[in-house]
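*Asks:* any chance you can model this:
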Amino acid sequence: MRSHPVKDVAMKTLILAATLALAAAPALAAEHVVRMLNSGGNGERMVFEPSFVQAKSGDTVVFQPADNGHASASVIVPSGADTWDAGLNEETRVTLTQPGVYLFKSRPHFALGMIGMIVVDSPAANRESIDGFKPRGSLMRARFEALKGQL
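*Replies:* Down below sits the predicted model:
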């Protein structure tokens with residue numbers, strides 16, 4: 001059976017167009033895992049590892065209770081972003097839809113300085129909210145300032 005030159009060109013054009021479309025498609029969103037720990041790798045108690053995450057819009061953060069007794073919750077999120085307040089020992093998935101800074105905590109251990117920060121794309125969207133946050137206690141202040149220093 002003979003091939004038809006017009007059909008062959010049309011098929012090759014279609015294949016080329018599909019290949020170019022796939023190559024131009026944006027990369028898949030990333031998934032970042034944040035473990036909730038009683039003791040971190042550096043010896044600090046009541047920590048998130050990592051405590052600072054750089055992400056892109058559309059990425060997901062998975063909060064994993066590696067040790068019992070933790071519950072992740074948002075403290076500050078950019079305008080238009082969803083807040084979260086997970087149950088005790090609950091793995092939680094948060095899809096980051098808005099650029100800016102997300103400050104989060106372990107509800108039971110917030111007073112012990114168990115906080116973390118996610119920056120999505122750029123901190124500009126809600127930097128004032130972060131700069132205006134006033135943590136209580138010396139450990140909380142020290143951890144918050146260390147996170148803020150990474151912006």
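*Asks:* what does the average pLDDT come to for stretch 93-105?
*Replies:* Mean pLDDT, computed over stretch 93-105, is 97.
*Asks:* now do stretch 31-38
*Replies:* Mean per-residue pLDDT for stretch 31-38: 96.
*Asks:* what is the least confident helix or strand in the chain?
*Replies:* Sorted by mean pLDDT, DSSP states H and E, the helices and strands of the chain end with helix 5-24, the least confident at a mean of 51.
*Asks:* tell me which residues in the very next helix or strand once past that helix are buried?
*Replies:* Next helix or strand after helix 5-24 toward the C-terminus (DSSP states H and E): strand 31-39. By neighbour count on 16 or more other CB atoms under 10 Å, the buried set for strand 31-39 is H32, V34, R35, M36, L37. Quick note: C-beta positions are derived from backbone N, CA and C, even for glycine.
*Asks:* tell me how many other residues crowd A142.
*Replies:* 12 (other CB atoms under 10 Å).
*Asks:* that one: what's its closest spatial neighbour, skipping adjacent residues?
*Replies:* G113 (7.4 Å; CB to CB, 6 or more residues apart in numbering).
*Asks:* could you check how far the one you found is from F144?
*Replies:* 8 Å (CB to CB, to the nearest Å).
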